[in-house]
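Peer 1: Need coordinates for the below:
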Amino acid sequence: KNVTAMCLQLGKKFNRYRTVADIPDKVIEEANRFNFPLIVFPEEHDCRYIDLIKNIHSMIINRNYKIFVDQEEFLNRFYLLLINNHDIDDILYFIHKNLEIGVVYKQSNGSIRVIPKVSMSEKANLENLLQQDFPVETISVDCNCLQLAIKKISACGQELGILALFGKNRQLTDFDYLVLNKCTHALAQEYIGALYLKEKKNLSQERWIRKWLTGKLNNNDIENKIKIEEPSITPQGCLACLAEFSSNYEEKESVKKTFVQIAGIARTILEKKGFYLFPYKQNNTTIFLLINTQGPHTWKRRLEEALKETGNLALNGHFNNQYRKIYFYVGKLVKNLASINESLESAKKAFYIKSMIPEKNIVFFENLFVYRLILMLENRSELKNFVHDYLKPIMDNNNKPDPALLKTMIALRDNHYNKKETAKTLYIARQSLYQRINKLEELLGQDFISSAEKRISLEVALYGLEFLNAKNSSVKNVKNNPNEIGS
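Peer 2: A predicted model of the protein is given here:
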C-alpha cells in the first residue's frame, strides 16, 4: 500500500536503452531525490506487462468483490427493514449500527437529527457544515479530524434534505459512499410513498368539499374547515382548476394512481407559490380547489409558473412521456370562498372550448377573450345565425364558404391585416392577395377592413365558424380545411 515504482525494460525492441549505463543520469538523480524506485529488467529477460500487474489486478478484483458482497448483505438487511414497519429514525440507526459511523439527517425544514448523540459544540459544527451551498449532489469534507460525506436527497424535482455520514479519525471507504447513495434513494422513495398515501387520504375526505362545491356551506363553515386542515392559512380568494391527464397506453386504474401522484407533486409546488390545494375527484375529472394565500394581483403569474413546473415534473422520467399529456383549465379567482362554484363553472367553460385553443397545456378562463362572447352567443342559440348573417356573402347555396376567401379572411385577421405577412402565410404572391381582397370588398363592402365595427363583427363570425366546425366535426383548425357551418 502507498508504494509506487517505475519499471524499465531494456532492449532495442522496447527503447534505445541497452544497459543501465544508457539510462540518463538526470532520470536517476530525480528518482533518488524523491526516493522513487527504478526497477530495471535486462534485455535478455523479457518481462511482460501482464506479469507485473497480475497480482495488483487480483488484489483490486478481490477488494471490489468484497465490497460488492458486503453491499449486497447490507442491502438485503436494509430492504428487510423497509418492508416492515419503520420510520426515519429506524433507517438512521440501521446505517449507524451496520457501518459503525455517525449519521446526520437534515430535513428541508431545517431540523437536524444526529446519531449517535454528540456534544452541543459538535452538533453546531455539523449544522454549520450542512448549511453550506453545495455545488454538487455528493461532496466530501475534511474538518478538524472529522471526515464528512454529504449527499442531497431529491425527489420530484424537490430538494427534500441532506444525508451525511461522518467519522472521527476514520477514513471513509468506497463502501460508505455506496451505502450513502443507496440510502438517499431509499429516503426519497419513503417521501414519495408517504406523499402518495397522504394524497389518497386527502381525496377520500371529500364529503365536506362536495358540500362546498354545491353551495351548502357558508363562508364561516368553509374557513373553519380550512383552519382545521392548515391553521396558518389566511385566504385571499379561491379558484378551481380542472386537471386532465391522458395516456395512450395506461389503463384507467393506472391513470387514477398517476393523478394521485400528480396531486402530491402539485401540492408542494403550489404551496411555494402561495396556493393551498384541496384535490377533489368528480366522476372522471380531477378538480384542484386552490386557496390563494398571497396578493390577488399576482395570482395568475404564480399559478401559471406552478402548473408548468407540475406538468414538467409529472411527465419527467417516463420513457413513454411523448404519449402522456397533462392539461390544466383554470377558472377565475373569486374573493368569496362560498362562490367557488362560480370559478368551477368558468373552468368548465375553458375545458369546453379546449378544441378551439391551439395546443396549450394551461388555459385560463380570463384569457379566452373572444371565445367568451362566442359561448354567450351559443348559450342563446344565436351563434349559428350570427355566423351566417356576417359570412353569408362568401357562401354558396349550400352554406359552404369559398375556401380561398375564407382562408384569406382568417390570414388577414391573424396577421393584423398586414398584407405582406398575409401573403407569406398563404404562400401566394402579393398581387394574388390583392385580387382576393378586391373580391372580398365586392362581397362584404369596401370598408370591411377600415370599419372597426364591421371588422370586429367579421372576426367574431370567423371565430364562431371555427368553433362550430371544431365542435361538430372535430376539426381543430378550419384554416387548412374549411367546412360548412355545422347544424
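Peer 1: residues touching Cys7, list them.
Peer 2: The contact partners of Cys7, taken as CB atoms under 8 Å, 6 or more residues apart in numbering, are 39-41, 47, 52. Any C-beta I mention is one placed from the backbone N, CA and C, and that applies to glycine too.
Peer 1: Domain-wise, how is the protein divided?
Peer 2: Per automatic domain parsing, the structural domains of the chain span 6-47, 60-200, 206-364, 373-473.
Peer 1: rank these by pLDDT, which is bottom?
Peer 2: Here those differ in mean pLDDT, and the lowest is domain 60-200 at a mean of 78.
Peer 1: From the chain's centroid, how far away is it?
Peer 2: Centroid separation for domain 60-200 versus its chain: 26 Å, with CA atoms, centre = their mean, to the nearest Å.
Peer 1: Over to stretch 428-438?
Peer 2: 47 Å.
Peer 1: Buried ones in it, by neighbour count?
Peer 2: By neighbour count with 16 or more other CB atoms under 10 Å, stretch 428-438 contains the buried residues 428, 433, 436-437.
Peer 1: just stretch 296-311 next, same as before
Peer 2: Here stretch 296-311 shows 299-300, 302-304, 306-307, 309-311 as buried, counting by 16+ other CB under 10 Å.
Peer 1: for those residues, which one is nearest Ile449?
Peer 2: Closest to Ile449 out of the buried residues of stretch 296-311 is Lys300 (33.1 Å), distances taken as CB to CB.
Peer 1: Which residue is the nearest non-sequential neighbour of that closest one?
Peer 2: Spatial nearest neighbour of Lys300, excluding adjacent residues (CB to CB, 6 or more residues apart in numbering): Phe364 at 6.4 Å.
Peer 1: which residues in the stretch 151-300 of the chain form strands?
Peer 2: Counting by DSSP state E, counting those that start in this stretch, the segments of the stretch 151-300 of the chain that form strands are 158-168, 238-247, 275-282, 285-292.
Peer 1: Off-centre distance for the third one?
Peer 2: Its chain's average C-alpha position is 19 Å from that of strand 275-282, according to CA atoms, centre = their mean.
Peer 1: Quick one: list the elements packing against the longest helix out of those in the chain.
Peer 2: Longest helix of the chain, by residue count under DSSP state H: helix 49-82. Other helices and strands packing on helix 49-82, by 3 or more CB pairs under 8 Å, 6 or more residues apart in numbering; DSSP states H and E, are helix 88-99, helix 174-204.
Peer 1: Please pick the buried ones from the contacts of Cys7.
Peer 2: Cys47.
Peer 1: Filter the contacts of Cys7 down to the ones in helices?
Peer 2: Counted as lying in helices by DSSP H, out of these, are Leu52.
Peer 1: how close does the residue positioned nearest the centre of the chain sit to Ala347?
Peer 2: When CA atoms, centre = their mean is applied to the chain, the residue found nearest the centroid is Leu313 (1.9 Å). Using CB to CB, to the nearest Å, Leu313 is found at 22 Å from Ala347.
Peer 1: before we move on, what about Ile53?
Peer 2: Relative to Ala347, Ile53 is positioned 69 Å away (criterion: CB to CB).
Peer 1: can you check Ala188 too?
Peer 2: Taken as CB to CB, the span from Ala188 to Ala347 is 33 Å.
Peer 1: With Gly331 instead?
Peer 2: Between Gly331 and Ala347 the computed distance is 3 Å (CB to CB).
Peer 1: Overlap of the contact sets of the two?
Peer 2: Common neighbours of Gly331 and Ala347, counting by CB under 8 Å, 6+ apart, are 239-242, 365.
Peer 1: Selecting buried members of the residues you listed in ChimeraX, what would you type?
Peer 2: Restricted to buried positions by 16+ other CB under 10 Å, the ChimeraX selection for the shared contacts of Gly331 and Ala347 reads:
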select :239,240,241,242,365
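Peer 1: Which of the shared contacts of Gly331 and Ala347 lies at the shortest distance from Ile209?
Peer 2: The closest of those to Ile209 turns out to be Ala240 (CB to CB; 11.0 Å).
Peer 1: Identify those among the contacts of Cys7 that sit within strands.
Peer 2: 39-41 (DSSP state E).
Peer 1: Tell me the spacing between the nearest residue to Gly215 once chain neighbours are set aside and Cys238.
Peer 2: Excluding the flanking residues, the one nearest Gly215 by CB to CB, 6+ apart is Asn341, at 6.0 Å. Separation of Asn341 from Cys238 (CB to CB): 11 Å.
Peer 1: Looking at the two, which has the bigger crowd around it?
Peer 2: The neighbour comparison of Asn341 against Cys238 (other CB atoms under 10 Å) goes to Cys238, with 25 against 15.
Peer 1: What are the contacting residues of stretch 422-437?
Peer 2: Here stretch 422-437 has contacts from 404-405, 407-408, 411-412, 414-415, 419-420, using CB under 8 Å, 6+ apart.
Peer 1: same thing but at 7 Å, please
Peer 2: Residues from elsewhere that reach stretch 422-437 (CB atoms under 7 Å, 6 or more residues apart in numbering): 404-405, 407-408, 411-412, 415, 419.
Peer 1: Just the buried ones out of those residues, please.
Peer 2: Applying 16+ other CB under 10 Å to those, the neighbour count classes 405, 407-408, 411-412, 415 as buried.
Peer 1: Mind listing what's buried along stretch 31-42?
Peer 2: Buried residues in stretch 31-42 (16+ other CB under 10 Å): none.
Peer 1: Contacts for it, please.
Peer 2: Contacts to stretch 31-42, defined as CB under 7 Å, 6+ apart, come from residues 5-10, 20, 28, 47.
Peer 1: closest to Lys151 among those residues?
Peer 2: The closest of these to Lys151 turns out to be Ala5 (CB to CB; 36.6 Å).
Peer 1: Name the residues of the host helix or strand of Ala347 that come out as buried.
Peer 2: Here Ala347, judged by DSSP states H and E, is contained in helix 340-352. By neighbour count on 16+ other CB under 10 Å, the buried set for helix 340-352 is 340, 342-344, 346-351.
Peer 1: Take these and write them to TSV, including distance to Gly193.
Peer 2: As requested, those are exported to TSV (distance: CB to CB, whole Å):
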residue	distance to Gly193
Ile340	31
Glu342	37
Ser343	33
Leu344	31
Ser346	36
Ala347	31
Lys348	34
Lys349	38
Ala350	34
Phe351	32
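Peer 1: ok, so of the residues you listed, who is nearest Gly295?
Peer 2: Nearest to Gly295 among these is Ser343, at 17.8 Å by CB to CB.
Peer 1: does the closest one really touch Lys335, like I thought?
Peer 2: No: contact between Ser343 and Lys335 fails when scored by CB atoms under 7 Å: they sit 10.5 Å apart.
Peer 1: Would you list the phi and psi of Arg455?
Peer 2: The phi/psi pair for Arg455 (degrees, to the nearest 10) reads phi -60, psi -40.
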